[in-house]
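Engineer: Attaching a predicted model along with its sequence, questions to come.
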Amino acid sequence: MNRLFEHVAEKAERVIDDPDARCQYCERADVPVFGYPGVIVDPSRAANPELATTDPEVFELCADCINSSAVERNDDFEASRLIAHFATDPKAALAAYHRLPDIPLFLQRFDWPICCGTWCVFTGSPTDHAALVAVQSSLRYWQQGPALRGRDFASEGEPELMTEISCFRCDTCGERYYTDQFT
């Protein structure tokens with residue numbers, strides 16, 4: 001496994017598709033940049049410490065900066081609730097949360113599965129109707145914890161966007177989950 005992010009499968013990484021995108025912390029333009037709703041907590045190491053101090057909010061970062069301890073995600077309320085219920089080591093789980101890029105799509109609220117005490121790995125979204133139905137029949141539904149099934153895609157059809165469905169895998173036990181963040 002050669003992943004940029006501990007909890008995002010390489011095939012599921014979603015870079016910002018903009019030739020002018022650059023990391024707002026190190027200001028490098030020669031690396032992939034990812035969405036990241038956060039704030040700079042260590043402006044002294046930023047490429048522009050003065051700007052990082054006066055305007056610490058960031059939206060686009062490279063993997064190196066996301067994985068550093070120099071930035072934190074904006075809102076950890078929902079993550080803290082999940083951590084309190086499911087994490088074995090809350091301090092480590094919160095630190096790992098701050099190393100998650102803005103992948104996958106969470107329209108309603110942050111709802112990343114935790115299994116065996118740690119965050120699961122985001123593996124992607126289904127690409128077509130057959131894959132969507134297969135996800136629902138073979139993965140466990142997650143809504144702020146293991147839950148009963150959500151929408152019935154076989155009879156109700158596809159969501160507006162396939163990225164509303166996010167698939168995850170526990171690296172410890174292999175359990176697989178999906179979330180449904182419908183628009």
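Structural biologist: Structure's in. What do you need? Numbers count the residues shown, from 1 in each chain.

Engineer: Going by C-alpha atoms from here, please, whenever you check contacts or count neighbours.
Structural biologist: Will do.

Engineer: hmm, who's touching the least confident helix or strand in the chain by mean pLDDT?
Structural biologist: Using mean pLDDT, DSSP states H and E, the weakest-scoring helix or strand in the chain turns out to be helix 153-156, at a mean of 87. Helix 153-156 has contacts (C-alpha atoms under 8 Å, 6 or more residues apart in numbering) with 132-133, 136, 159.

Engineer: could you redo the last one with a cut-off of 6 Å?
Structural biologist: Under the criterion C-alpha atoms under 6 Å, 6 or more residues apart in numbering, residues residue 133 lie in contact with helix 153-156.

Engineer: Could you export that helix as PDB, CA atoms only?
Structural biologist: C-alpha atoms of helix 153-156 as PDB (Å, rounded to 0.1, in the frame of the first residue of the first chain):
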ATOM      1  CA  PHE A 153     -31.500   1.400  -4.800                       C
ATOM      2  CA  ALA A 154     -32.700  -1.700  -6.600                       C
ATOM      3  CA  SER A 155     -36.300  -0.400  -6.500                       C
ATOM      4  CA  GLU A 156     -35.900   3.400  -6.000                       C
END
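
Engineer: From the chain's centroid, how far away is it?
Structural biologist: Remark: helix 153-156 is offset 26 Å from the chain centroid, using C-alpha atoms, centre = their mean, to the nearest Å.

Engineer: State which strand of the chain is the longest.
Structural biologist: strand 33-40 (DSSP state E).

Engineer: which neighbours does that strand have in its sheet, and in what orientation?
Structural biologist: strand 57-62 (antiparallel), strand 71-73 (antiparallel) (DSSP bridges).

Engineer: Beyond the first one, next helix or strand please.
Structural biologist: So that's strand 57-62. Sequence order places helix 63-66 as the next helix or strand after strand 57-62, per DSSP states H and E.
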